[in-house]
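S.K.: Test case, fold it:
(one chain, ligands or ions: 1)
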Amino acid sequence: MSGVAVAPERVRLGGLTTLKVGGPAELWTVGNEADLREATAEPFFVLGAGSNLLVSDAGVAERVVRLGQPYATLAAFDGSADVWLGAATPLPGLVRRAQRAGLSGLEGLLGVPAQLGGAVAMNAGTRFGSLSDTLVEAEMMVSGDLVRLPADALGLRYRHSELPPGAVLTRVRLRLSASTPERVAAAMTGVDAARKGQPKIKSAGCAFKNPAGESAGRLIDRAGCKGLRVGDAMIAHEHGNFVINLGAATSRDVDELLEAVQGRVSVALDLEWRRWGGPDGEPPQPGWRARAQRVEG
Ligand SMILES: Cc1cc2nc3c(=O)[nH]c(=O)nc-3n(C[C@H](O)[C@H](O)[C@H](O)COP(=O)(O)OP(=O)(O)OC[C@H]3O[C@@H](n4cnc5c(N)ncnc54)[C@H](O)[C@@H]3O)c2cc1C
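M.R.: Below you'll find the predicted structure:
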């Protein structure tokens with residue numbers, strides 16, 4: 001008996017990301033808090049749906065921790081407006097379920113291919129709304145302790161959060177508002193229409209954040225970068241802020257392409273993607289401890 005409850009697997013991270021780029025790592029899929037505590041006892045990254053990641057071809061030496069099925073609790077969503085959901089709950093399914101239940105608040109997230117935890121970590125959204133519009137509080141494991149923090153302690157702003165260092169979100173509490181299925185569906189039509197121009201090929205969504213008052217996609221387009229290609233990584237013709245993988249793109253292709261874009265656009269652009277296998281740059285939030293509420297688990 002080794003005492004190890006979780007059996008880590010050796011995987012290629014490219015198989016777990018939407019961009020399909022990234023080398024080997026040790027994947028720890030956890031089904032409960034004890035597993036999670038064990039998996040996070042050594043340096044790690046947390047993987048959600050892998051839809052906002054650029055992972056190095058060399059992979060990562062850190063463990064990659066993924067929440068298993070017990071944290072995907074869409075089936076338990078009974079249509080209540082005030083609801084706790086597991087952080088591995090798929091956002092697209094939740095958005096649809098909320099619409100059918102006549103609950104408003106998530107329609108702006110239609111088409112965002114995230115897990116709920118990843119959507120909080122990135123404060124995912126569109127111009128029609130963000131995850132932070134409905135988030136009340138979140139439960140997370142930090143250094144082996146399960147704690148709760150209110151939404152306003154998470155530093156959520158445009159595609160940004162300030163979770164405590166090493167936090168793994170486990171459950172999320174949302175507050176939706178009463179509407180009707182028809183009204184929510186009508187609101188989604190506009191969101192859906194705005195998405196029509198996005199490419200359907202493998203990508204990781206928008207590569208860069210929009211600079212204040214500007215659209216990164218438009219700046220990239222104006223700089224003549226659409227169709228720019230390095231290896232199998234290309235700036236999509238449909239949308240300047242989408243890097244697509246034409247088949248066998250490597251992280252090196254993607255990095256060189258991003259650099260080429262940055263060299264042509266006059267404004268400095270910040271990467272929206274999280275990069276693994278390089279500095280992740282997730283900033284620590286000093287004040288979180290004072291506001292954390294301990295959860296027994
Ligand atoms: C086709 C396409 C369209 C997209 N459109 C949009 C859009 O309109 N708006 C938008 O905002 N984004 C969009 N994205 C980007 C992406 O869907 C979001 O950033 C999403 O929030 C990422 O969630 P994820 O679960 O995939 O997280 P991942 O990509 O797996 O991880 C992203 C970050 O979240 C962290 N994370 C994930 N789960 C947890 C957890 N449980 N606890 C703590 N940290 C965690 C990871 O460590 C990482 O730092 C799009 C992506 C694609 C591929």
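
S.K.: use CA for all of it now, contacts and neighbours both
M.R.: Will do.

S.K.: Okay, buried residues for stretch 258-277 please.
M.R.: Along stretch 258-277, the positions that meet the burial threshold by neighbour count (16 or more other Cα atoms under 10 Å) are 258, 261-262, 265, 269, 272-277.

S.K.: List, one by one, the residues from the chain near the ligand.
M.R.: Selection of the chain residues close to the ligand by Cα under 6 Å from any ligand atom yields 18, 45-53, 87, 112-115, 117-119, 121-122, 124-126, 167-170, 203-205, 274.

S.K.: Kindly recompute the last result at 5 Å.
M.R.: Along the chain, the residues adjacent to the ligand under the rule Cα under 5 Å from any ligand atom are 46-53, 112-115, 117-119, 121-122, 124-125, 168-169, 204-205.

S.K.: rewinding a little: could you tell me which of the buried residues of stretch 258-277 belong to helices?
M.R.: With helices identified by DSSP state H, the entries of these that belong to them are 258, 261-262.

S.K.: Let me have those in CSV, extended by pLDDT and distance to residue 157.
M.R.: Written out in CSV, the entries for those read as follows (pLDDT from 0 to 100; distance: Cα to Cα, whole Å):
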residue, pLDDT, distance to residue 157
258, 93, 24
261, 94, 25
262, 92, 24
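
S.K.: so which of those residues comes closest to the ligand?
M.R.: Using Cα to the nearest ligand atom, residue 258 is the member of those that lies nearest the ligand, at 16.6 Å.

S.K.: Helices along the stretch 1-150 of the chain, start to end?
M.R.: Defined through DSSP state H, counting those that start in this stretch, the helices belonging to the stretch 1-150 of the chain, from first to last, are 33-39, 91-100, 116-121.

S.K.: quick one, which of these is packed in tightest?
M.R.: helix 116-121 (a mean of 26; mean count of other Cα atoms under 10 Å).

S.K.: pLDDT wise, what is residue 198 at?
M.R.: The predicted structure scores residue 198 at 85 on the pLDDT scale.

S.K.: That one - how many residues pack around it?
M.R.: As a burial measure, residue 198 scores 16 neighbours (other Cα atoms under 10 Å).

S.K.: Kindly report the same for residue 243.
M.R.: Neighbours of residue 243 (other Cα under 10 Å): 29.

S.K.: Thought residue 207 was touching it, still the case?
M.R.: Yes. The pair formed by residue 243 and residue 207 meets the contact definition of Cα atoms under 8 Å, at 6.7 Å.

S.K.: For residue 103, give its distance to the ligand.
M.R.: Per Cα to the nearest ligand atom, to the nearest Å, residue 103 is found 20 Å from the ligand.

S.K.: my guess is that residue meets residue 182, correct?
M.R.: No. Using Cα under 8 Å, residue 103 is not in contact with residue 182; the gap is 10.2 Å.

S.K.: Please say which of these two ends up with more neighbours.
M.R.: For residue 103 against residue 182, the residue with the higher neighbour count under other Cα under 10 Å is residue 103, and the figures read 24 against 12.

S.K.: So what sits opposite the more buried one in the bridge?
M.R.: Applying DSSP bridges to residue 103 yields these beta-bridge partners: residue 178.

S.K.: any idea where the strands of the stretch 51-200 of the chain begin and end?
M.R.: 53-55, 63-67, 82-86, 103-104, 125-126, 129-130, 135-142, 145-150, 168-175, 177-178 (DSSP state E, counting those that start in this stretch).

S.K.: ok, and for stretch 38-51, which residues are buried?
M.R.: Neighbour counts using 16+ other Cα under 10 Å place 39-40, 44-51 of stretch 38-51 among the buried residues.

S.K.: Now do the end-to-end distance for it.
M.R.: For stretch 38-51, the separation between the terminal residues is 25 Å (Cα to Cα, to the nearest Å).

S.K.: mean confidence score for it?
M.R.: On average, the pLDDT along stretch 38-51 is 96.

S.K.: Check stretch 221-235 too.
M.R.: Stretch 221-235 comes out at a mean pLDDT of 95.

S.K.: Over to stretch 208-215?
M.R.: Over the span of stretch 208-215, the pLDDT mean works out to 93.

S.K.: For this protein, name the helix or strand with the lowest mean pLDDT.
M.R.: Lowest mean confidence among the helices and strands of the chain (mean pLDDT, DSSP states H and E): helix 288-291, at a mean of 54.

S.K.: This completes my enquiry, with thanks.
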